[in-house]
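> any chance you could fold what I've pasted below:
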Amino acid sequence: MANRCQFWKEYDSVEGSISYCELAAFNRSVNPAFLEQIGCTAEKRKECLGSMELNIGMGDVPVIASPPPVVCDAPPVIAQSAVALAEKKAATHSPSLQLLALLAGAYIALGAVLCTIVTNDLPTYIGDGLSRLVGGMSFSLGLVLVIMGGAELFTGNNLMVAGFLEKKVSLKQVLNNWGWVYLFNFIGSLVIVFLFFYSGIWKANDASVALKAVNTAGAKVSLTWPEAFFRGILCNWLVCLAVWLSMAGKDAFGKIIGIMIPITAFVAAGFEHSIANMYFIPMGMLLKNQAILQPMLSAEIIQNLTWANFLWKNLLPVTLGNLVGGVVFVAAIYWSAYLRPETKVDSAQAPIGKEIGLKN
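Next up, the predicted model:
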């Protein structure tokens, strides 16, 4: 049979002439666009491979129906998304900004509530390490609600620095966003403090939930300044990575997994999150004087749980640490790696994946 296809080969064997399509003979996968490009229509393929079936006992060209779906964005694309998100956040004005920030504070506090309830007596049954792991997974609820529900969180908004470095937003816009968001995150956290207190749920399990809340708050205000600062750095490094990974995901499941893994890690490790502490410590201060807890609390914890210790010994160093962790170790480094002028060409040219006609 006469065939001028570049992939149709004829070979003289000891038994006579053998004709075959080398794409099929060597099991080379091709996509439909490439077959169309070389003129390999369905009709022609049927004729050619029919002859091949008679010659060598096989006649099937593997065809890739469509390119595999992109399940997540590559880091250079995420960096560009972070800049675009910074522009969007900078353009969010009152009262939307304040309302969304209030919601974020409340969402993080709800994650803290769940973490406290779930782990109030869990170490007794599964030990400290696994209890921390479960607590971290529970706390992840907060950032999942922030990202998936749409809200403004101070620690996550530290990534706006990528937009500032890219000269898409001004320093004034960044600081304005941070100031309002931080304030209303605090208000949202306090809303949950009072709602949870008056709900009476803290009395559950013979007030073990309340005891866990007070002990958690007491441990936080007992940290030294350097301890609180460096734990804050580590915390927001992971929190901003959680936001970063959520931007990579293409569906809800991928985004949630991207959020949960870093958040679980920071909670399990005992790092410090400024917005979460806006719930944890005021909650402890509100519960410390409850009569049911007095026999179970040390005098030191009760004395240490004050507004002064909260603001000076915890919230200030933790906030500064969070800024370093998010701004320096995520926003600035990723911008420098992927978006800085001298690296832009390299990252753009780096092949993430390419469509090819033949796959050997």
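> CA atoms for contacts and neighbours, from now on please.
Fine.
> can you show me the strands along the stretch 1-150 of the chain?
8-13, 16-21, 29-30 (DSSP state E, counting those that start in this stretch).
> so where's the stretch 251-360 of the chain shaky on pLDDT?
343-360 (pLDDT under 70).
> can you give me the strands in it?
Using DSSP E, counting those that start in this stretch, strands in the stretch 251-360 of the chain cover 358-359.
> the strands of the stretch 1-150 of the chain: lowest mean pLDDT?
The weakest mean pLDDT among the strands of the stretch 1-150 of the chain belongs to strand 29-30, with a mean of 65.
> now the residue nearest the centre of the chain: phi and psi?
Closest residue to the average C-alpha location of the chain: Ala242 at 2.7 Å, with Cα atoms, centre = their mean. With angles defined as degrees, to the nearest 10, Ala242 sits at phi -60, psi -40.
> residues in contact with Asn277?
Leu315 (Cα atoms under 8 Å, 6 or more residues apart in numbering).
> sorry, that was for Asn304
Gly218, Val221, Ser222.
> which of these sits closest to Asn322?
Among these, Val221 lies closest to Asn322 (Cα to Cα), at 16.6 Å.
> tell me the mean pLDDT for the helix ranked longest in the chain?
Ranked by residue count and defined by DSSP state H, the top helix of the chain is helix 171-199. What helix 171-199 shows for mean pLDDT is 98.
> quick check: buried residues in it?
Neighbour-count burial for helix 171-199 flags 173-174, 177-178, 180-193, 196-197 (criterion: 16 or more other Cα atoms under 10 Å).
> likewise for stretch 88-96?
Lys89, Ala90.
> what sits up against that stretch?
Here stretch 88-96 has contacts from Met160, Val169, Gln173, Val174, Asn177, using Cα under 8 Å, 6+ apart.
> the residues you listed: which two are farthest apart?
Val169 and Asn177 (11.0 Å).
> tell me the domain boundaries of the chain?
Using automatic domain parsing, the domain ranges for the chain come out as 8-56, 75-346.
> of the ones you listed, flag the one that's most buried.
domain 75-346 (a mean of 20; mean count of other Cα atoms under 10 Å).
> pull the distance from that one to the chain's centre.
Distance of domain 75-346 from the chain centroid (Cα atoms, centre = their mean, to the nearest Å) equals 13 Å.
> let's number from 26 now, not from 1
Sounds good: first residue 26 from here, last item domain 100-371.
> measure Pro214 to Ala301 for me?
I think there's a mix-up here, since residue 214 is Ser and not Pro. 8 Å (Cα to Cα, to the nearest Å).
> now do the contacts for the residue lying closest to Leu166 once chain neighbours are set aside.
Closest residue to Leu166 apart from its sequence neighbours, by Cα to Cα, 6 or more residues apart in numbering: Gly136 at 5.0 Å. Gly136 is in contact with Ser163, Phe164, Ser165, Leu166, Gly167, Leu168, counting by Cα under 8 Å, 6+ apart.
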